[in-house]
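> Kindly generate the corresponding structure for this input.
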Amino acid sequence: MTSPGYYMNPSHKSCWQTCSACFRCANKGRYAKCQKCSGVHDPVGWIDENPDNFCQCTQGVLRWVTQQGQLVISRYNRDPFKGSLKESLPTEDDRDYESYVDQYREKLDNPYVSPVFIDSNGKRGYWDGGARFFDQEGNEIIHEH
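Next up, the predicted model:
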C-alpha cells in the first residue's frame, strides 16, 4: 500500500464505468491503461493495482481481493442485474414536511438548516449542518461545554 494521494482516483477517469452490483469499474482489463489502475473507487488514492481484483459480475462471478490480500471468488446465486428498483411517490405528508423545511431555510437564509431537533430541556431547534444550532425564531443557540 502506498502513501495517500499517490494514485489518481480511478472513478474520475474517462474510461470508468461503475458496475451497479460491486461498484467497481466494469471496464477493468479492457484497455491497455487498465494495467496501472486499481479499478476500485478510491478517493484517497492509495489502493495498489491488483490483477486479480476486477469486475466479473456480468458473468455471474464476484471476484474480490480483501484488505489482507486474500482473493475471494464467489458465484452469484441469482442475476444481480435482473429486476428493477421501484420508488414510491411522495405522500402529502412528505410534501408538506419538505415545504415546511424549505420555508424555514428561506426564513433563516441558510440552505443547509436541517429539520427539527429537541434538546435535553425539551425545546425545539434547528441544526445548520455544521456546528451551529438555532432556536425556532432563528437565533443562534450557543452551547456551553
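> the domain parsing of this protein - what is it?
1-82, 92-141 (automatic domain parsing).
> which of the ones you listed has the lowest average pLDDT?
Looking over the domains of the chain, mean pLDDT reaches its minimum on domain 92-141, with a mean of 73.
> Run a quick neighbour tally on residue 53.
Here the count is done by other Cβ atoms under 10 Å, and residue 53 has 20 residues near it. All C-beta spots, glycine's among them, are computed from the backbone N, C-alpha and C.
> most packed of the domains of the chain?
Among the domains of the chain, domain 1-82 has the highest mean neighbour count (mean count of other Cβ atoms under 10 Å), at a mean of 14.
> how near is the residue of the chain most remote from its centre to residue 38?
Within the chain, the residue lying farthest from the chain centre (Cα atoms, centre = their mean) is residue 121, at 34.4 Å. Note on residue 121: its distance to residue 38, by Cβ to Cβ, to the nearest Å, is 50 Å.
> can you give me the strands for this structure?
Listed in chain order, the strands of the chain (DSSP state E) span 61-65, 71-75, 116-118, 124-127, 133-134, 140-141.
> roughly how far apart are the nearest residue to residue 90 once chain neighbours are set aside and residue 29?
Nearest non-adjacent residue to residue 90, counting by Cβ to Cβ, 6 or more residues apart in numbering: residue 98, 7.6 Å away. According to Cβ to Cβ, residue 98 stands 44 Å off from residue 29.
> Kindly report the same for residue 86.
For residue 86, the distance to residue 29 equals 33 Å [Cβ to Cβ].
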